[in-house]
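A.B. asks: Just need the structure, nothing else, for what follows:
(2 chains)
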Amino acid sequence: MEFTRGGLPVPTGQLERWVTFSRFGDAELVSLSGEIDLANAPEIGKAIVERIQKAGKVLIDLTTVSFLDSAGVRLLDALIGDLNEHGKPTRLVVGESGAARMTLQLCAFREDVLATDLDRAAAEIGG
Amino acid sequence: MTQELRPPWDEDPDDLYDHAPCGYLTTLPDGTIVRVNQTFLNWTGYTRGELVGHRRFRDLLTSGGQIYHETHYAPLLRMQDEVHELAFDVVCSDGRQLPTLVNSTLGRDDAGSPKAIRTMVFNATERRQYEKELLLARQIAEASERRVRVLQQIVADLAAAPTEAEVAEAVVRAPESAFGAASSSIYLVDVERDCIVAVASTDPTTGNWDDMPRSSPRAVARVAERGDLHVVGSVAEARTHFPELVETMRRSGRNTVVLLPLTTGPADESATVETLGVLAFSFKGERRLTDGELRVVRLLGQQAGQALDRARLYDDANRREERATFLAETTRSLDEVHRLLARTRRLIERAVPEIADWAEVRLHVGATPVVEAGGGPRPDEELLSQRLGKVAASGEPAFPGEGDQLDCSVLPLTARGLVLGTLALRMAPDRRGAAAERAFLVELADRAGLALENARLYEQERQIARTLQRSLLAGALPGGDTRFAVETHYQAAAHDLEVGGDWFDAFLITKDKLAVVVGDVVGRGIEAATTMGQLRSAVRALAGNENGPARLIEGLDRFVERVESARMATVAYVEIDLPAGEVAYSCAGHLPPLLQEPTGSPEYLLQARSAPLGSRAGNTVRTEHRRRLPPGSRLLLYTDGLIERRTRPIDKGFELLAREYARRRDAPLQGLAAGLADTLVGRDHSDDVCMLCLTLGTEERIERTIGADRMQIALLRADLRAWLVAHGVEAECRDAVLLACSEAVANAIEHGYRDDPFGMIDVVATVTDDAVEVRVTDRGTWRGPVTDVARGRGLQLIRESMDQVLFDRGDGTTVTMRRGRQEAS
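C.D. replies: I've put the predicted structure just below:
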C-alpha cells in the first residue's frame, strides 16, 4: 500500500478524472474536466475517438476544464476536423471565460463551433 | 657261516627271466628287439615272432612317446649308459595303451662302442591312475578354494553394502566368478506391494523383468515361497516343473538354471526364516553342481539374505529419518513466509518434486477458493473433484487403492477440527503404497493445515489492520490556504509484515494556527493500528490555542498512563502560527524534523527533545522550541523507516536524507515525499515509511527544477498556480502565465530534450505589482527553427498570452516572458 496526498492529483492514467461520456438529447456528450495538457491529451483523445465513432452529433463540454494547453488544442482541432469531414454536427461548450476559452481564443478557434452553454449548443446542432 | 636260503621252489633262471614281474627287452643299439620275455608279451598281446628282429622298441610307443624317446631317452642313454623311470605308454597289439615305467642300460664292447640295450619295463597302470586322481583332487581343491575366496570377497562386499541396491549389485556378480555362470539376475520381494521385482541382472537381454505377484506360478515366485534352492538341470527338467522357463532358456541358450532364495537363515530353520529375494543364475551347457558347490551356493543365499535384511533395516531407518527431516524442514520453510498465498505456494514447492510429481492445495477460505498446483500431469479432473469433495466432506484422507483410476492421495487440511481445504498429491513412483508413507502424508497434511490456518488468521488480522490504518490516515488534510501546503506519503513495508503503527496528521487548531504531527507506536498489527488511532485523536483533542507543544506532550504522557499500548510511542509535534510565520515544536523520542529554508543548507531541528511517551527511565520534562521561518521554508517530518537501514549507521541515514532533501529544494512539493522515499529506501524496504512535508508562506520568487518528463508539467503548474494565487495575481493574468509557462516547458521537453529524457528544466518566476516575469531554461540542443506544426502552435500561444517574450539560444534555450498585471494583451 502506498499513497500520496496534497495538492492536485498527479496524472496516473486514470482517464475518468479527465473525461466522461453520456448522452444529451440525441447527441453524444463528452465532458472534459481538470487540466488537459501534453501529459494526458493523447490518451484522452484515444478514448474520445473510440467512443464517438458511431455518434451522429457530438457535444464537447469544457466548462470545468481548469487548464488547456496546445496539446489539448491540437486534440480538439483534430476531433472537430474529423467530425466536420463526416458531416457530423459538433459544438465545444466553453463558458464565457476561463482557461479553456482563453486558450481556444488565443488559437483563434472559429467562433461558430464554440457555445457558452449546453442547451444552446444542443439547440444549434439539433435542427 | 653264510648259507643261501633255499626258496620253496626251484629257481630256473630262464623261467625267472621269462616270468619275472616285469618286462625285459634286449635290443641292438638301434633299438631292434632281439630278445623279449613272456611277461612283456603277455602285457602287450604281441607274439615273440612279431617283435624279435622286426620291431624297434620305439615302434611300440605312442607318437608322443616316440618324440620323447627321440629327444630324451636315446640321448640320455648314450651319455649316461643308463636311464631310469622314464614313463612311456606302450601301444599294445589291440591298440590299448599300457602305461609303463622304463629302465634301460647300454652295454658297450671293449672298444667302448654300444653293443646292446637292456630294458626293463614296469607296468604303471595303477600308479598312473593314482596320479590322475591326485591331479583331479588338487583341481577340485583349487576350485573349492576359489569359490571360498569369491564367497569371502562377496561377504566382505555385502558387509560394506548399506542399501538394498548395493547388496543386489554385490550378489549379482557372484555366480559368474564362483561357478562360471553365464549370467545371473536378482529379484527382491516387496512385502508392501506383495510382489517380486527384478532389480539387477548381468545380462538384461535374457529373462522376463516384469514385476510378478508373490503368488505367481513363475519359477522365481515358487522358489521364493518354498525358500529352498532349486536347480533346473536341463530344458527337459524345466518343461516338467516350470514350463514358462523353457522359452527363456531356449532363447538365451541356457541349459541349466539355478534358483537360489536369499534367506535370513538356513532353510531347515524355516520357522523364523524369511525369503527376501531370489538369485537366479544360468549356464550355457548342462552343468552339474557338486555337493560342495551346492553347499557354497546355499551359503551365498544366506549371506546375501542377511545382508538384504540389514540393508532393509538400514533403508527403513534412513527413510524414517528422511521423512522426519522433510517434515521439520517443511514446517520451518512454511514459517518463513507469512501470507496465505505465499505459504500455499511454498507447500507445493516443498512437495514437488521431492515427494510427489504432482500436488495441489485447495483452500475453502474467503469468497474465491485458493487453488495452487505444481508438477504434472494433472489427474482426471472429474475423478479428482469427486475425491476432493469426499475428503472435504468427511475430513478423512483417501489413498489410491489397487487399480484405482485416480492414482492420487487426497488429504484434508484441518485445523481446530475444521476442514480448511485439501492437499492432493501423486507420490513419486518409488514411494507409492507404503503404509509408512501414508502415515507420513497424514502428518504432513496436519502440519500444513496448521501452518495455513495460521496464515489465514494472519491474513485476516492484517486485512483488518490495513483497513483501520488506511481509514485513519486517509482523513482530509487542510488545504486551499495559500499560506501553507501539506504533502504526505505513506509506504508499507515491502515484505508483507504486519501493519505498522506509523501515522501522520495535520489540522487547523484555529484559522491561523496549524498543527502537524508524525508519530510511531511500538508494535505491529491490529493493536498498533488501534493505538495509533487513539493517539491521533488524543493529539487532536489536546491541541488548543492556549496549549503549546510541550503541554500537549505532557497531556499525551497522562493519556499513556491509561492506554498502556501507547507507552513508548514517539511523536514529533509542530504548531505553526500562520500570520507570524513562527513554528513551535517538541519531539518526544522522535527523529528530529528536517528544515529547508529558501536559502542555505537543510537543518535538523534538534531542540526540545525528550523521551518517548510515558517513558519511565527517560527524561520526560517536556519542552518546546520556537523559531521564525522565512516564507518558502519546507519542513519534513518522518518516521525511522525512511532513514534506518540495517546496513548503514543512522548518522549516514541522516546525512543522506539531508543531502537528498537539499538536492530537491527546487522540486515541486507534489511528489517530493514519494521521491525522497524512493531514493532513500527504494521498493525493497523492511519497515513502514511515513512522511509529512509542509511548505510555509509564499516565496517572493519561486524557483523550481523539474525533469524533462511530460508528467511533471502538471506538478510544476500546481506550485506555480498556488504561488500566483498567494500573490493575488488576477485570474486572467494567472491563466496566461500558467499557459505560457507550460508551453515553454513542453517545448523544452519536446524540442530541446527530444533525445535526452534526463534533461533538467529550471523555472524561475518573480512577481511585482506591475507584472509577472517567468524564465524557463533548458540545456538541450537547439535544432534550428521549430517546424513542427503542433510545437509551432505552442510557441504562438506563448507569444499571444504574454506581453514580451525573449528567446535566448546559447548553451540550450532560455525563454524569458513577461506579462503586465492590469491589462491583458
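
A.B. asks: Every contact and neighbour count from this point should use C-alpha atoms.
C.D. replies: OK.

A.B. asks: hmm, which helix or strand of chain A has the shakiest average pLDDT?
C.D. replies: strand A:2-5 (a mean of 46; mean pLDDT, DSSP states H and E).

A.B. asks: my read: residue B:360 touches residue B:421, true?
C.D. replies: No - using C-alpha atoms under 8 Å, residue B:360 is not in contact with residue B:421, being 10.5 Å away.

A.B. asks: More neighbours: which of these two?
C.D. replies: residue B:421 (28 against 24; other C-alpha atoms under 10 Å in any protein chain shown).

A.B. asks: what comes up buried for stretch B:637-654?
C.D. replies: B:637, B:638, B:639, B:640, B:641, B:642, B:643, B:644, B:645, B:653, B:654 (16 or more other C-alpha atoms under 10 Å in any protein chain shown).

A.B. asks: Let me know the closest of the residues you listed to residue B:351.
C.D. replies: residue B:645 (35.7 Å; C-alpha to C-alpha).

A.B. asks: partners of the closest one in the sheet?
C.D. replies: For residue B:645, the beta-bridge partners are residue B:648 (DSSP bridges).

A.B. asks: can you tell me how far it sits from chain A?
C.D. replies: 20 Å (C-alpha to the nearest C-alpha, to the nearest Å).

A.B. asks: okay, that residue: pLDDT?
C.D. replies: Among the per-residue scores, residue B:645 shows a pLDDT of 77.

A.B. asks: Next: the one 4 residues further on.
C.D. replies: Predicted confidence (pLDDT) at residue B:649: the value is 79.

A.B. asks: what's the burial count for the spatially closest residue to residue B:540 that is not a sequence neighbour?
C.D. replies: Closest residue to residue B:540 in three dimensions, ignoring its sequence neighbours and counting by C-alpha to C-alpha, 6 or more residues apart in numbering or on different chains: residue B:507, at 7.9 Å. By the measure other C-alpha under 10 Å, the count of residues near residue B:507 is 18.

A.B. asks: go on, residue B:353?
C.D. replies: Neighbours of residue B:353 using other C-alpha under 10 Å come to 16.

A.B. asks: and what of residue B:567?
C.D. replies: 21.

A.B. asks: my guess is it meets residue B:589, correct?
C.D. replies: No - here residue B:567 does not reach residue B:589: they are 11.5 Å apart, not a contact under C-alpha under 8 Å.

A.B. asks: Common neighbours of the two, please.
C.D. replies: B:612, B:613 (C-alpha atoms under 8 Å, 6 or more residues apart in numbering or on different chains).

A.B. asks: before we move on, back to that, out of the buried residues of stretch B:637-654, name the two that are farthest from one another.
C.D. replies: Largest pairwise distance in those, by C-alpha to C-alpha, is 17.9 Å, between B:637 and B:645.

A.B. asks: can you give me the helices in chain A?
C.D. replies: Using DSSP state H, the helices of chain A run over residues A:41-52, A:70-85, A:99-106, A:118-126.

A.B. asks: can you list the residues of the stretch 651-800 of chain B near chain A?
C.D. replies: Residues of the stretch 651-800 of chain B lying near chain A by C-alpha under 8 Å from any C-alpha of the partner chain: B:670-671, B:674, B:710-711, B:713-715, B:718, B:732, B:735-736, B:739, B:742-743, B:746, B:790-791, B:793-794, B:796-797, B:800.

A.B. asks: from those residues, which would you call buried?
C.D. replies: Buried among these (16+ other C-alpha under 10 Å): B:670-671, B:674, B:710-711, B:713-715, B:718, B:732, B:735-736, B:739, B:742-743, B:746, B:791, B:793-794, B:796-797, B:800.

A.B. asks: Give me the subset of those residues lying in helices.
C.D. replies: B:674, B:711, B:713-715, B:718, B:732, B:735-736, B:739, B:742-743, B:746, B:791, B:793-794, B:796-797, B:800.

A.B. asks: Tell me which other helices or strands the helix or strand hosting residue B:635 touches.
C.D. replies: Taking DSSP states H and E as the definition, residue B:635 sits inside strand B:634-638. Applying 3 or more C-alpha pairs under 8 Å, 6 or more residues apart in numbering or on different chains; DSSP states H and E, we find strand B:634-638 packed against strand B:513-520, strand B:594-596, strand B:689-696.

A.B. asks: got CSV for these, with mean neighbour count and mean pLDDT too?
C.D. replies: Converted to CSV, the helices and strands packed on strand B:634-638 look like this (neighbours: other C-alpha atoms under 10 Å in any protein chain shown; pLDDT from 0 to 100):
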stretch, mean neighbour count, mean pLDDT
strand B:513-520, 24, 93
strand B:594-596, 21, 93
strand B:689-696, 24, 90
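
A.B. asks: With distance to residue B:65 added, can I get those strands in JSON lines?
C.D. replies: Conversion of the helices and strands packed on strand B:634-638 to JSON lines gives the following (distance: least, C-alpha to C-alpha, whole Å):
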{"stretch": "strand B:513-520", "distance to residue B:65": "118"}
{"stretch": "strand B:594-596", "distance to residue B:65": "123"}
{"stretch": "strand B:689-696", "distance to residue B:65": "113"}
